[in-house]
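Peer 1: what follows is a predicted structure for the sequence shown.
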Amino acid sequence: MNYLLDTHIILWTLFDPGKLSESIKEILVDSEKQKFVSGINLWEISIKYSLGKLDLGNKNPDELLITIKDSGFRITEIPHQILSAYYKLPKKENHKDPFDRMLIWQSIESGFTLLSHDSKLEQYIPNGLTLVTNRI
C-alpha cells in the first residue's frame, strides 16, 4: 500500500514524533509500505516558512527536503492530469484548506492512502478518499 503524508504528519515525524499515534508510527516504520511526500507539502512548507508562520528549527525548506529524502520518504509530483481535474473534488462547507484539498485530490486520483491529523477529512471518504487519521 502507498501512503501520502499530510504536512503535519511530515513535520511531526521529523520534529515531534510524540504527537503521532501508534497506528501512524506503525505505518511509518513498516519497510513494506511506501511513504510519499507530495510537491504540495513542500510548497506549503516553503510558503509558510517564508511568511514566518513555520519554524523549522535550524533548517530552511531546502534543507528540510534533504532531511525528508534522507528519512526514506519518496517525493511525488502532481501530474498535470490531476491538476486539471481538481475541479471535480466536491466543495465542503467546513473544510476549505487549499493544501489539504489538493492532497486529498492527489490521494484519490493516485490511489494513495492519506495520513492526516485532520478528522474533517473523513467527509471526503464517500468521494473516494482512503484515510488514516492520527488519533492518539
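Peer 2: Right, received. Where do you want to start?
Peer 1: in three-state terms, label the residue of the chain most remote from its centre for me.
Peer 2: Most distant residue from the mean C-alpha position of the chain: residue 58, 22.1 Å away (Cα atoms, centre = their mean). Under DSSP: H, G, I helix; E, B strand; the rest coil, residue 58 falls in the coil class.
Peer 1: and stretch 84-92, how far apart are its ends?
Peer 2: Terminal residues of stretch 84-92 lie 19 Å apart, using Cα to Cα, to the nearest Å.
Peer 1: so which bits of that stretch are buried?
Peer 2: Neighbour-count burial for stretch 84-92 flags residue 89 (criterion: 16 or more other Cβ atoms under 10 Å). Quick note: C-beta positions are derived from backbone N, CA and C, even for glycine.
Peer 1: same deal with stretch 2-9?
Peer 2: Buried, per 16+ other Cβ under 10 Å, within stretch 2-9: 3, 4, 5, 6, 7, 8, 9.
Peer 1: pLDDT added to those residues, as CSV?
Peer 2: Formatted as CSV, the buried residues of stretch 2-9 follow (pLDDT from 0 to 100):
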residue, pLDDT
3, 98
4, 98
5, 98
6, 97
7, 97
8, 95
9, 97
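Peer 1: any idea which of these is closest to residue 129?
Peer 2: residue 4 (10.5 Å; Cβ to Cβ).
Peer 1: quick one: that closest one is in a strand?
Peer 2: Yes. Using three-state DSSP, the assignment for residue 4 is a strand.
Peer 1: quick one: residues contacting it.
Peer 2: By Cβ atoms under 8 Å, 6 or more residues apart in numbering, the contact list for residue 4 reads 36, 37, 38, 76, 103, 106, 107, 110, 112, 113, 114, 115.
Peer 1: enumerate the beta-bridge partners assigned to it.
Peer 2: Judged by DSSP bridges, the bridge partners of residue 4 are residue 36, residue 114.
Peer 1: for it, give its distance to residue 29.
Peer 2: 17 Å (Cβ to Cβ, to the nearest Å).
Peer 1: equivalent analysis for residue 40, please.
Peer 2: 24 Å.
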